[in-house]
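K.L.:
Here is a sequence with its predicted model. Questions after.
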Amino acid sequence: MKFETIIYELEGPLAWITLNRPHKLNAISKTMLAELNSALDLAEENERVRVILLRGEGRAFSAGFDLEPDASLEQTREQELEALKQELYNDFDLIMRFWDSPKPTLAAVHGYCLGGALELAIACDLTIAATGCRFGEPEVKFGSGIVAMLLPYVCGPKRAKEMLLTGNDRISPEQAEAWGLVNRVVDAGTLVDEARKLARSIAANDQLAVRLTKQAVNRACEMGKMRKALKHALELNIVIETTETEESRTFNEILKSEGAKAAIAWRDRRLD
């Protein structure tokens, strides 16, 4: 199968999925989302594949979901909102596919890992980070919400609130490791080798035992109604994304005309 925005490679018992839009910092477009789903189908249906690995091409893992609107379509405001809702549901489903996959998933992160990309990385069973990379959830800076509210389950509500309410997008890999967002931090030059080594140590184990142990851990998290809470958080995110206020309208006007830095500077000036 040919892909435009990802690379799918088999390496013995490992399936590598590489985000391949380096000119866009591997922002996840609609095309990439569809191709990621197809790649997961291939990996999950292949009996030889025991571990699925996710990484990014170029200087970043991913800057998150692509925010560029589809200018080719002429839509009413109602149609735009309905399309946005469906897009958010699709984004959520993609993130949770890595959580739900019957096979272990491992993210190898370098450069930037922001917004939805962070949610994607922590939805994987294991996450390895390269030194010098940056994590964050800057959505509130743009008047946006969180697609998959996994952070409170991974690092606890206090730390999740600190990240989400400040919009901090400069979390170091060392801090991410201390907070439980990543399993380990390695030198950037050895990231792929370390990910491969960890994946192969999983692949060497009894496949049924690995699969059912992953299910048991996930079920332990979800016994407290995590899935229901995640869907509730998604609905609140849809309200954020589809509700226009005077603040959001002005911010978006500046964002479109002058760019993100000017819009954020305008928001910051209001505190003076």
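P.N.:
The structure has been received and is ready for your questions. Everything numeric in this text was worked out from a predicted model, so none of it was measured. Numbers count the residues shown, from 1 in each chain.

K.L.:
The stretch 51-200 of the chain: strands as residue ranges?
P.N.:
51-56, 105-109, 112-114, 126-130, 134-136, 184-186 (DSSP state E, counting those that start in this stretch).

K.L.:
what's next to the longest one, contact-wise?
P.N.:
Just to be clear, that refers to strand 51-56. Here strand 51-56 makes contact (CB atoms under 8 Å, 6 or more residues apart in numbering) with 13-19, 22, 26, 40, 43-44, 61-62, 98, 101, 103-111, 120-121, 124, 191-192, 195-196, 199-200, 202-203. No exception for glycine: its C-beta is placed from N, CA and C like everyone else's.

K.L.:
Low-confidence ranges, the protein, go.
P.N.:
Along the chain, the parts satisfying pLDDT under 70 run over 68-73, 272.

K.L.:
rewinding a little: just the buried members of the contacts of strand 51-56?
P.N.:
The neighbour-count test (16 or more other CB atoms under 10 Å) marks 13-19, 26, 40, 43, 61-62, 98, 101, 103-111, 120-121, 124, 191-192, 195-196, 199, 202-203 as buried among the contacts of strand 51-56.

K.L.:
Which stretches in this structure count as helices?
P.N.:
For the chain, the helices defined by DSSP state H occupy 30-45, 77-100, 116-123, 151-155, 157-166, 173-178, 191-203, 207-222, 226-242, 246-258, 260-269.

K.L.:
residues of the fifth one that come out buried?
P.N.:
For helix 157-166, the neighbour count (16+ other CB under 10 Å) marks R159, A160, M163, L164 as buried.

K.L.:
and if you look at the longest one?
P.N.:
Within helix 77-100, the residues that qualify as buried by neighbour count (16+ other CB under 10 Å) are 81, 85, 87-88, 90-92, 94-99.

K.L.:
tell me the angle it makes with strand 51-56.
P.N.:
Per axes from the mean of the first three to the mean of the last three CA atoms, to 10 degrees, the angle that helix 77-100 makes with strand 51-56 is 130 degrees.

K.L.:
and helix 77-100 with strand 105-109, angle?
P.N.:
Angle, helix 77-100 to strand 105-109, by the same axes, to 10 degrees: 110 degrees.

K.L.:
Likewise for the fifth one?
P.N.:
Here the directions of helix 157-166 and strand 105-109 differ by 50 degrees (the same axes, to 10 degrees).

K.L.:
Could you name the helices and strands sitting against helix 157-166?
P.N.:
On a contact count with 3 or more CB pairs under 8 Å, 6 or more residues apart in numbering; DSSP states H and E, helix 157-166 meets helix 151-155.

K.L.:
Buried residues of the helix it packs on, list them for me.
P.N.:
Here helix 151-155 shows L151, P152, Y153, V154, C155 as buried, counting by 16+ other CB under 10 Å.

K.L.:
what does stretch 257-272 give?
P.N.:
A263, I264, W266, R267.

K.L.:
same thing with stretch 54-61?
P.N.:
By neighbour count on 16+ other CB under 10 Å, the buried set for stretch 54-61 is L54, R55, G56, E57, G58, A60, F61.

K.L.:
Would you mind writing the CA trace of it as CSV?
P.N.:
C-alpha atoms of stretch 54-61 as CSV (Å, rounded to 0.1, in the frame of the first residue of the first chain):
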residue,chain,number,x,y,z
LEU,A,54,5.4,5.3,16.0
ARG,A,55,8.0,8.0,15.2
GLY,A,56,8.4,11.2,13.3
GLU,A,57,10.5,12.2,10.3
GLY,A,58,12.6,15.3,10.3
ARG,A,59,13.1,17.6,13.3
ALA,A,60,9.9,16.8,15.2
PHE,A,61,7.7,13.9,16.3
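
K.L.:
quick one: that stretch to chain centroid distance?
P.N.:
12 Å (CA atoms, centre = their mean, to the nearest Å).

K.L.:
same thing with stretch 8-18?
P.N.:
Mean C-alpha position of stretch 8-18 versus that of the full chain (CA atoms, centre = their mean) differs by 19 Å.

K.L.:
For that stretch, report the contacting residues that lie outside it.
P.N.:
1, 6-7, 36, 39-40, 42-43, 46, 48-57, 196, 199-200, 203.
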